[in-house]
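Peer 1: pasting the sequence and the predicted coordinates here, then a few questions.
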Amino acid sequence: MSSDHIRSFISIDLDDPQVQSALEQVTSTLLGLGADLKPVARENIHITIKFLGSVDKAKLDSVKNALGQVHFQRFPLEVRGTGAFPNMRHISVVWIGLGAGWTKVEQIYEQTETQLSTLGFPRESRGFSPHVTIARVRTPRRRDELANLLQKLSEKDFGVMDVKALRLKQSVLQPSGPKYSTLYEIAAESQS
């Protein structure tokens, strides 16, 4: 990618230490099965609101201005349940779901889509499915055991975090895995 473009996305980061620890425990359990997984690094765990792809640096200020129009108040978000994409028979991504508070995440998504569509970013054609990717599956080794464990954890509670910010992130792809950094942050509005 040329230096005048930045690979970027918009996210809600899961930066609550207790939730991170609970997700690390489940990842460790999954790895213990012997499944061929590549776990997401603790500092990279997030909910993707919108993947922007390669964005011209000159356009980033417009993206920041558009995100400044997204308004939300701080809210609790329940992190619960497990699943897989595309499905349990063909697992390529292991995810953690969201419980109470997910409708507020959806409202942030809708506002983000509306604001960014005015800048020429196409709206997502698939329905929004907020989730937290915790691992990617490299091969089908021990797939049945993995599916069984995910089924057992489908209602597991991983904790509640406070959503305080929406972030524009840069993603730099490296052989060891992606490195993310925050380019811009939209803080939740204080409740009046």
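Peer 2: Looks like it came in fine. Numbers count the residues shown, from 1 in each chain.
Peer 1: and the residue nearest to the spatial centre of the chain, what element?
Peer 2: Taking Cα atoms, centre = their mean, the centroid of the chain lies closest to I47, which sits 2.2 Å from it. Remark: I47 resides in strand 46-56, with elements defined by DSSP states H and E.
Peer 1: which strands and helices sit next to that strand?
Peer 2: strand 5-13, helix 102-117, strand 132-137 (3 or more Cβ pairs under 8 Å, 6 or more residues apart in numbering; DSSP states H and E). Just so you know, the C-beta spots here come from the backbone N, C-alpha and C atoms, and that holds for glycine as well.
Peer 1: and whichever helix or strand comes after it, average pLDDT?
Peer 2: Remark: after strand 46-56, the chain's next helix or strand is helix 60-67, criterion DSSP H and E. The average of the pLDDT scores along helix 60-67 is 96.
Peer 1: return the alpha-carbon coordinates of the helix or strand just after helix 60-67 using PDB.
Peer 2: Using DSSP H and E, the helix or strand that follows helix 60-67 in sequence is strand 75-86. Extracted in PDB, the C-alpha atoms of strand 75-86 (Å, rounded to 0.1, in the frame of the first residue of the first chain):
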ATOM      1  CA  PHE A  75     -23.600   2.900  28.000                       C
ATOM      2  CA  PRO A  76     -23.000  -0.600  29.500                       C
ATOM      3  CA  LEU A  77     -22.500  -3.400  26.900                       C
ATOM      4  CA  GLU A  78     -22.900  -7.000  27.800                       C
ATOM      5  CA  VAL A  79     -20.400  -9.400  26.200                       C
ATOM      6  CA  ARG A  80     -21.900 -12.800  26.000                       C
ATOM      7  CA  GLY A  81     -22.200 -16.000  24.000                       C
ATOM      8  CA  THR A  82     -20.000 -17.600  21.300                       C
ATOM      9  CA  GLY A  83     -20.400 -18.500  17.700                       C
ATOM     10  CA  ALA A  84     -18.600 -19.000  14.400                       C
ATOM     11  CA  PHE A  85     -18.700 -17.600  10.800                       C
ATOM     12  CA  PRO A  86     -19.800 -18.700   8.400                       C
END
